[in-house]
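**Student:** sequence below, structure please.
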Amino acid sequence: AHVAEVDVDVETGEVNLVQMWVAHDCGRALSRGLVEGQMEGSTYMGAAEALFEVHRVDPDHGGLHTGPSLLDYRLPTALDAPHIESLIVEAPDDRGPYGAKEAGEGPLHSSIPAIANAVYDAVGVRLRTLLLAPEKVLAALEAALEERDAASEAGEEGRP
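**Tutor:** Down below sits the predicted model:
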């Protein structure tokens, strides 16, 4: 489970990831430090996928990745990293070695919707596709305002 806190600049659409709280069931934690490291690393990877990593593919060429190049591919730096609070949940699994389960991939997947939900909570617009880029946030905000204005003119209440 993840919870994200973001700041969204409604003038620029920029999303700043402030903090994340992560809880993950790893079975028995054989090394708490390593499990926390895996959880936090995966959370950073999910945040990068949500906020930084542009993936363009060419559907006419079988989904070939078309850029950006490795020189232009934006990866987060330490300056972009949020504070992460990790909670290791231990529910040992008899089928795993010494009761352990995975600790690396699970936290990646839930960080993305947590960030998207935090954006929704912050500004009231739901972004359903990645990348949560500033231009997409601004477009969603503008569409929500237009929808709200249209609803207001029709005598209805609407939430942006």
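**Student:** could I get the buried residue list for the helix or strand harbouring residue 4?
**Tutor:** Residue 4 is part of strand 2-8, with elements assigned from DSSP states H and E. By neighbour count with 16 or more other Cβ atoms under 10 Å, strand 2-8 contains the buried residues 2, 4, 5, 6, 8. The C-beta positions use only the backbone N, C-alpha and C, and glycine is treated the same way.
**Student:** now, which of the residues you listed sits nearest residue 136?
**Tutor:** residue 8 (11.7 Å; Cβ to Cβ).
**Student:** and that closest one, how far is that from residue 119?
**Tutor:** Distance, residue 8 to residue 119, by Cβ to Cβ, to the nearest Å: 6 Å.
**Student:** and for these two, which residues touch both?
**Tutor:** Common contact partners of residue 8 and residue 119 (Cβ atoms under 8 Å, 6 or more residues apart in numbering): 15, 137.
**Student:** for residue 94, grab phi and psi.
**Tutor:** Note on residue 94: backbone dihedrals following degrees, to the nearest 10 are phi -60, psi -20.
**Student:** count the neighbours of it for me.
**Tutor:** Number of residues near residue 94 (other Cβ atoms under 10 Å) recorded here: 6.
**Student:** now swap in residue 112 and tell me
**Tutor:** Neighbours around residue 112, by other Cβ under 10 Å: 20.
**Student:** just confirm it is within a helix.
**Tutor:** Yes. Read with DSSP: H, G, I helix; E, B strand; the rest coil, residue 112 is one of the residues of a helix.
**Student:** isn't it right up against residue 50?
**Tutor:** Yes. Counting by Cβ atoms under 8 Å, residue 50 is a contact partner of residue 112 at 4.7 Å.
**Student:** list residues touching both of these two?
**Tutor:** Residues touching both residue 112 and residue 50 by Cβ under 8 Å, 6+ apart: residue 130.
**Student:** what lines up beside the strand holding residue 4 in the sheet?
**Tutor:** strand 15-25 (antiparallel) (DSSP bridges).
**Student:** just want the most central residue of the chain.
**Tutor:** By Cα atoms, centre = their mean, the chain has its centre lying nearest to residue 112, at 2.6 Å.
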